[in-house]
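1. Give me a 3D structure for the following:
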Amino acid sequence: FSEEPSFRGFAQPRLQANRTPLAATAIMAAAITGWHLPLFVMPSFGLKPFEALTTVAVTIWYAWLFNHAAGSALITLIAHATEGSINTEDLWPAGTDATRETWLYVAVWCAVAVILLLLFIGIEARHRDPLMPFRIFRIRSVLAANVVGFLLGAVIFANFLVLTLYVQQVLHWSALKTGVTFLATAGTTVIWAGVAQALTTRFGPRPVIVLGTVMLVIGCALLTQLAHVAGLWYAMLATGVTGLGMGFAATTILVVVQTDVDWSRRGMATGLVQFSRTIGGAVGVGLMGAAITASIGPGASAILDQRP
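-> You can find the predicted model right below:
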(Lines give C-alpha, C1' and ligand atoms only; values in the text may rest on other atoms or scores of the structure.)
Protein backbone atom coordinates (compact mmCIF):
# COMPACT_ATOMS: atom_id res chain seq x y z
CA PHE A 1 0.00 0.00 0.00
CA SER A 2 2.96 2.34 0.44
CA GLU A 3 4.93 1.32 -2.64
CA GLU A 4 2.40 1.23 -5.47
CA PRO A 5 0.92 4.73 -5.00
CA SER A 6 4.50 6.05 -4.98
CA PHE A 7 6.07 3.87 -7.68
CA ARG A 8 3.29 3.47 -10.23
CA GLY A 9 0.83 6.09 -9.04
CA PHE A 10 3.34 8.95 -8.85
CA ALA A 11 6.73 8.15 -10.41
CA GLN A 12 5.82 6.03 -13.47
CA PRO A 13 3.51 8.55 -15.22
CA ARG A 14 5.91 11.44 -14.56
CA LEU A 15 8.86 9.52 -15.94
CA GLN A 16 6.81 8.56 -19.00
CA ALA A 17 5.81 12.17 -19.63
CA ASN A 18 9.01 12.75 -21.62
CA ARG A 19 10.40 9.21 -22.01
CA THR A 20 9.34 5.98 -23.63
CA PRO A 21 7.69 3.45 -21.29
CA LEU A 22 10.74 1.20 -21.68
CA ALA A 23 13.20 3.92 -20.64
CA ALA A 24 10.95 4.99 -17.77
CA THR A 25 10.66 1.40 -16.57
CA ALA A 26 14.46 1.00 -16.67
CA ILE A 27 14.80 3.99 -14.34
CA MET A 28 12.08 2.55 -12.13
CA ALA A 29 13.83 -0.83 -12.03
CA ALA A 30 17.09 0.78 -10.90
CA ALA A 31 15.35 2.92 -8.27
CA ILE A 32 13.23 0.07 -6.89
CA THR A 33 16.21 -2.29 -6.78
CA GLY A 34 18.08 0.37 -4.80
CA TRP A 35 15.05 0.76 -2.52
CA HIS A 36 15.19 -2.96 -1.72
CA LEU A 37 18.99 -3.13 -1.51
CA PRO A 38 19.11 -3.19 2.33
CA LEU A 39 17.08 -6.42 2.29
CA PHE A 40 19.92 -8.17 0.46
CA VAL A 41 22.42 -7.45 3.25
CA MET A 42 20.15 -8.03 6.25
CA PRO A 43 20.40 -11.67 7.39
CA SER A 44 16.92 -11.64 8.90
CA PHE A 45 15.35 -11.33 5.43
CA GLY A 46 17.52 -13.98 3.80
CA LEU A 47 17.42 -12.48 0.29
CA LYS A 48 20.19 -13.51 -2.09
CA PRO A 49 21.86 -10.87 -4.33
CA PHE A 50 20.78 -12.66 -7.51
CA GLU A 51 17.17 -12.10 -6.46
CA ALA A 52 17.65 -8.52 -7.66
CA LEU A 53 16.79 -9.98 -11.06
CA THR A 54 13.32 -10.71 -9.71
CA THR A 55 12.87 -7.07 -8.73
CA VAL A 56 13.71 -5.97 -12.28
CA ALA A 57 11.42 -8.61 -13.77
CA VAL A 58 8.36 -7.73 -11.68
CA THR A 59 8.96 -4.02 -12.29
CA ILE A 60 8.62 -4.68 -16.04
CA TRP A 61 5.47 -6.67 -15.39
CA TYR A 62 3.91 -3.94 -13.22
CA ALA A 63 4.78 -1.30 -15.83
CA TRP A 64 3.07 -3.38 -18.51
CA LEU A 65 -0.04 -3.74 -16.33
CA PHE A 66 -0.04 -0.04 -15.49
CA ASN A 67 0.11 1.04 -19.13
CA HIS A 68 -2.49 -1.49 -20.28
CA ALA A 69 -4.91 -0.57 -17.51
CA ALA A 70 -5.16 3.12 -18.41
CA GLY A 71 -2.65 4.11 -15.73
CA SER A 72 -4.44 2.37 -12.88
CA ALA A 73 -2.26 2.01 -9.78
CA LEU A 74 -5.06 -0.05 -8.20
CA ILE A 75 -4.45 -2.86 -10.70
CA THR A 76 -0.71 -2.89 -9.94
CA LEU A 77 -1.44 -2.76 -6.20
CA ILE A 78 -3.59 -5.88 -6.48
CA ALA A 79 -0.93 -7.60 -8.59
CA HIS A 80 1.80 -6.57 -6.15
CA ALA A 81 -0.16 -7.86 -3.17
CA THR A 82 -0.83 -11.13 -4.98
CA GLU A 83 2.82 -11.58 -5.98
CA GLY A 84 3.99 -10.73 -2.46
CA SER A 85 1.66 -13.32 -0.94
CA ILE A 86 3.04 -16.17 -3.05
CA ASN A 87 4.93 -18.56 -0.78
CA THR A 88 6.75 -21.50 -2.28
CA GLU A 89 8.68 -22.42 0.89
CA ASP A 90 6.40 -25.41 1.47
CA LEU A 91 7.61 -26.95 -1.80
CA TRP A 92 11.29 -27.09 -0.82
CA PRO A 93 11.70 -25.96 2.77
CA ALA A 94 15.41 -25.98 3.58
CA GLY A 95 19.02 -26.55 2.55
CA THR A 96 19.71 -27.26 -1.10
CA ASP A 97 15.98 -27.41 -1.75
CA ALA A 98 15.58 -23.86 -0.43
CA THR A 99 18.17 -22.65 -2.94
CA ARG A 100 16.28 -24.50 -5.67
CA GLU A 101 13.08 -22.77 -4.60
CA THR A 102 14.76 -19.37 -4.81
CA TRP A 103 16.06 -20.08 -8.30
CA LEU A 104 12.58 -21.21 -9.36
CA TYR A 105 11.10 -17.95 -8.10
CA VAL A 106 13.70 -15.91 -9.99
CA ALA A 107 13.31 -18.01 -13.16
CA VAL A 108 9.51 -17.65 -13.22
CA TRP A 109 9.56 -13.87 -12.95
CA CYS A 110 12.41 -13.56 -15.44
CA ALA A 111 10.33 -15.66 -17.86
CA VAL A 112 7.36 -13.32 -17.33
CA ALA A 113 9.59 -10.31 -18.02
CA VAL A 114 10.97 -11.91 -21.20
CA ILE A 115 7.46 -12.68 -22.45
CA LEU A 116 6.34 -9.10 -21.83
CA LEU A 117 9.42 -7.74 -23.59
CA LEU A 118 8.72 -9.97 -26.59
CA LEU A 119 5.13 -8.75 -26.65
CA PHE A 120 6.39 -5.16 -26.53
CA ILE A 121 8.78 -5.83 -29.41
CA GLY A 122 6.05 -7.51 -31.45
CA ILE A 123 3.58 -4.67 -30.92
CA GLU A 124 6.17 -1.98 -31.65
CA ALA A 125 7.37 -3.76 -34.81
CA ARG A 126 3.85 -3.76 -36.29
CA HIS A 127 2.81 -0.27 -35.19
CA ARG A 128 2.77 2.50 -37.75
CA ASP A 129 4.24 5.05 -35.32
CA PRO A 130 6.11 3.04 -32.65
CA LEU A 131 7.33 4.51 -29.38
CA MET A 132 10.76 3.02 -30.06
CA PRO A 133 11.61 2.22 -33.70
CA PHE A 134 14.00 -0.72 -33.62
CA ARG A 135 15.68 0.43 -36.79
CA ILE A 136 17.72 2.71 -34.56
CA PHE A 137 19.88 -0.32 -33.80
CA ARG A 138 20.95 -0.34 -37.44
CA ILE A 139 23.23 2.54 -36.45
CA ARG A 140 26.40 0.71 -35.46
CA SER A 141 27.40 3.20 -32.79
CA VAL A 142 24.02 2.87 -31.06
CA LEU A 143 24.19 -0.91 -31.07
CA ALA A 144 27.80 -0.92 -29.83
CA ALA A 145 27.02 1.66 -27.14
CA ASN A 146 24.19 -0.47 -25.76
CA VAL A 147 26.39 -3.57 -25.65
CA VAL A 148 29.23 -1.70 -23.93
CA GLY A 149 26.78 0.03 -21.60
CA PHE A 150 25.35 -3.34 -20.58
CA LEU A 151 28.83 -4.68 -19.79
CA LEU A 152 29.86 -1.53 -17.91
CA GLY A 153 26.73 -1.71 -15.77
CA ALA A 154 27.32 -5.39 -15.01
CA VAL A 155 30.91 -4.76 -13.89
CA ILE A 156 30.30 -1.63 -11.83
CA PHE A 157 27.14 -2.77 -10.01
CA ALA A 158 28.67 -6.17 -9.19
CA ASN A 159 31.82 -4.40 -8.06
CA PHE A 160 29.88 -2.18 -5.66
CA LEU A 161 27.93 -5.12 -4.26
CA VAL A 162 30.96 -7.28 -3.50
CA LEU A 163 33.15 -4.43 -2.28
CA THR A 164 30.49 -3.15 0.13
CA LEU A 165 30.03 -6.58 1.70
CA TYR A 166 33.74 -7.37 1.75
CA VAL A 167 35.13 -4.24 3.39
CA GLN A 168 32.39 -4.05 6.04
CA GLN A 169 31.76 -7.70 6.87
CA VAL A 170 35.17 -9.25 6.24
CA LEU A 171 37.64 -6.38 6.80
CA HIS A 172 35.33 -4.85 9.45
CA TRP A 173 35.60 -1.30 8.15
CA SER A 174 33.14 1.24 9.49
CA ALA A 175 30.33 2.65 7.37
CA LEU A 176 32.18 6.00 7.25
CA LYS A 177 35.41 4.42 6.04
CA THR A 178 33.49 2.44 3.44
CA GLY A 179 31.73 5.59 2.26
CA VAL A 180 35.04 7.40 1.83
CA THR A 181 36.25 4.49 -0.29
CA PHE A 182 33.29 4.82 -2.67
CA LEU A 183 33.62 8.60 -2.67
CA ALA A 184 36.82 8.10 -4.66
CA THR A 185 34.81 6.49 -7.45
CA ALA A 186 31.99 9.05 -7.47
CA GLY A 187 34.32 12.05 -7.19
CA THR A 188 36.77 10.99 -9.86
CA THR A 189 34.03 9.94 -12.30
CA VAL A 190 32.61 13.48 -12.30
CA ILE A 191 36.05 15.03 -12.78
CA TRP A 192 37.22 12.66 -15.52
CA ALA A 193 33.93 12.94 -17.42
CA GLY A 194 34.80 16.56 -18.21
CA VAL A 195 38.33 15.60 -19.24
CA ALA A 196 36.91 12.84 -21.47
CA GLN A 197 34.76 15.33 -23.37
CA ALA A 198 37.78 17.52 -24.10
CA LEU A 199 39.91 14.56 -25.20
CA THR A 200 37.11 13.24 -27.41
CA THR A 201 36.91 16.57 -29.21
CA ARG A 202 40.65 16.53 -29.86
CA PHE A 203 41.49 12.86 -30.49
CA GLY A 204 38.14 11.27 -31.34
CA PRO A 205 36.06 8.84 -29.26
CA ARG A 206 37.81 5.51 -29.94
CA PRO A 207 41.10 6.09 -28.01
CA VAL A 208 39.21 7.65 -25.11
CA ILE A 209 36.81 4.67 -24.83
CA VAL A 210 39.70 2.19 -25.09
CA LEU A 211 41.67 4.05 -22.42
CA GLY A 212 38.62 4.16 -20.15
CA THR A 213 38.00 0.44 -20.56
CA VAL A 214 41.66 -0.37 -19.83
CA MET A 215 41.62 1.78 -16.69
CA LEU A 216 38.41 0.10 -15.56
CA VAL A 217 40.06 -3.32 -15.91
CA ILE A 218 43.14 -2.09 -14.02
CA GLY A 219 40.95 -0.69 -11.22
CA CYS A 220 39.10 -3.98 -10.83
CA ALA A 221 42.42 -5.87 -10.86
CA LEU A 222 43.73 -3.63 -8.08
CA LEU A 223 40.63 -4.34 -6.01
CA THR A 224 41.35 -8.08 -6.15
CA GLN A 225 44.46 -7.41 -4.04
CA LEU A 226 42.59 -5.57 -1.30
CA ALA A 227 42.96 -8.56 1.04
CA HIS A 228 46.74 -8.23 0.87
CA VAL A 229 46.95 -4.42 0.98
CA ALA A 230 44.00 -3.58 3.23
CA GLY A 231 44.66 0.13 3.66
CA LEU A 232 42.23 2.94 2.96
CA TRP A 233 44.75 4.63 0.69
CA TYR A 234 44.98 1.52 -1.48
CA ALA A 235 41.20 1.10 -1.66
CA MET A 236 40.80 4.75 -2.68
CA LEU A 237 43.51 4.33 -5.30
CA ALA A 238 41.77 1.29 -6.79
CA THR A 239 38.30 2.84 -6.75
CA GLY A 240 39.74 6.11 -8.08
CA VAL A 241 41.21 4.30 -11.08
CA THR A 242 37.84 2.60 -11.56
CA GLY A 243 36.15 6.00 -11.48
CA LEU A 244 38.57 7.27 -14.12
CA GLY A 245 37.64 4.36 -16.35
CA MET A 246 33.93 4.97 -15.86
CA GLY A 247 34.28 8.68 -16.55
CA PHE A 248 36.16 8.09 -19.78
CA ALA A 249 34.15 5.15 -21.12
CA ALA A 250 30.56 5.92 -20.07
CA THR A 251 30.65 9.62 -20.91
CA THR A 252 32.27 9.15 -24.31
CA ILE A 253 29.77 6.46 -25.29
CA LEU A 254 26.89 8.86 -24.65
CA VAL A 255 28.60 11.62 -26.64
CA VAL A 256 29.09 9.29 -29.61
CA VAL A 257 25.47 8.13 -29.58
CA GLN A 258 24.08 11.65 -29.28
CA THR A 259 26.29 12.78 -32.15
CA ASP A 260 25.37 9.94 -34.52
CA VAL A 261 21.57 10.29 -34.30
CA ASP A 262 19.39 13.18 -35.36
CA TRP A 263 17.94 15.57 -32.84
CA SER A 264 14.48 14.00 -32.81
CA ARG A 265 15.88 10.62 -31.70
CA ARG A 266 18.60 11.86 -29.35
CA GLY A 267 16.57 11.45 -26.18
CA MET A 268 15.51 7.94 -27.15
CA ALA A 269 19.08 6.89 -28.00
CA THR A 270 20.38 8.26 -24.71
CA GLY A 271 17.61 6.51 -22.78
CA LEU A 272 18.43 3.20 -24.48
CA VAL A 273 22.07 3.38 -23.34
CA GLN A 274 20.97 4.16 -19.79
CA PHE A 275 18.47 1.30 -19.98
CA SER A 276 21.17 -1.14 -21.12
CA ARG A 277 23.46 -0.06 -18.30
CA THR A 278 20.70 -0.54 -15.74
CA ILE A 279 19.78 -4.00 -17.03
CA GLY A 280 23.47 -4.89 -17.15
CA GLY A 281 23.79 -3.83 -13.53
CA ALA A 282 20.91 -6.04 -12.44
CA VAL A 283 22.32 -9.00 -14.36
CA GLY A 284 25.81 -8.34 -13.00
CA VAL A 285 24.60 -8.26 -9.41
CA GLY A 286 22.63 -11.45 -9.94
CA LEU A 287 25.50 -13.32 -11.56
CA MET A 288 28.01 -12.15 -8.96
CA GLY A 289 25.69 -13.14 -6.13
CA ALA A 290 25.21 -16.55 -7.70
CA ALA A 291 28.97 -16.94 -8.18
CA ILE A 292 29.66 -16.06 -4.54
CA THR A 293 27.00 -18.44 -3.31
CA ALA A 294 28.26 -21.25 -5.54
CA SER A 295 31.94 -20.76 -4.66
CA ILE A 296 31.56 -20.25 -0.92
CA GLY A 297 28.53 -22.46 -0.51
CA PRO A 298 26.91 -22.88 2.90
CA GLY A 299 29.67 -20.80 4.51
CA ALA A 300 28.58 -17.62 2.72
CA SER A 301 26.34 -16.41 5.55
CA ALA A 302 28.96 -17.17 8.18
CA ILE A 303 31.58 -15.19 6.27
CA LEU A 304 29.48 -12.20 5.19
CA ASP A 305 27.52 -11.89 8.45
CA GLN A 306 30.56 -11.67 10.73
CA ARG A 307 30.48 -9.14 13.53
CA PRO A 308 33.62 -7.36 14.79
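2. Could you list the low-pLDDT ranges of this structure?
-> 1-4, 6, 9, 34-53, 68-76, 78-106, 109, 230, 293-308 (pLDDT under 70).
3. As a check, name the ranges of all strands in it.
-> Under the criterion DSSP state E, the chain contains no strands.
4. what are the ranges of the helices in it?
-> 3-6, 12-15, 21-41, 52-68, 73-85, 95-126, 140-165, 175-203, 205-223, 232-260, 266-296, 300-304 (DSSP state H).
5. Relative to Phe134, which of those helices is closest?
-> Taking Cβ to Cβ, helix 95-126 is the member of these nearest to Phe134, at 6.5 Å. Any C-beta I mention is one placed from the backbone N, CA and C, and that applies to glycine too.
6. In JSON lines: the helices of the chain, plus distance to Met132 and mean neighbour count.
-> Shown next, in JSON lines, are the helices of the chain (distance: least, Cβ to Cβ, whole Å; neighbours: other Cβ atoms under 10 Å):
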{"stretch": "helix 3-6", "distance to Met132": "25", "mean neighbour count": "16"}
{"stretch": "helix 12-15", "distance to Met132": "15", "mean neighbour count": "17"}
{"stretch": "helix 21-41", "distance to Met132": "6", "mean neighbour count": "19"}
{"stretch": "helix 52-68", "distance to Met132": "13", "mean neighbour count": "22"}
{"stretch": "helix 73-85", "distance to Met132": "22", "mean neighbour count": "15"}
{"stretch": "helix 95-126", "distance to Met132": "6", "mean neighbour count": "14"}
{"stretch": "helix 140-165", "distance to Met132": "12", "mean neighbour count": "20"}
{"stretch": "helix 175-203", "distance to Met132": "27", "mean neighbour count": "16"}
{"stretch": "helix 205-223", "distance to Met132": "24", "mean neighbour count": "18"}
{"stretch": "helix 232-260", "distance to Met132": "14", "mean neighbour count": "22"}
{"stretch": "helix 266-296", "distance to Met132": "6", "mean neighbour count": "20"}
{"stretch": "helix 300-304", "distance to Met132": "40", "mean neighbour count": "13"}
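7. Determine how far the last residue of stretch 162-176 lies from the first.
-> Length of stretch 162-176, first residue to last, Cα to Cα, to the nearest Å: 17 Å.
8. How far away from the center of its chain is it?
-> Its chain's average C-alpha position is 21 Å from that of stretch 162-176, according to Cα atoms, centre = their mean, to the nearest Å.
9. now stretch 161-171
-> The chain centroid and the centroid of stretch 161-171 are separated by 19 Å under Cα atoms, centre = their mean.
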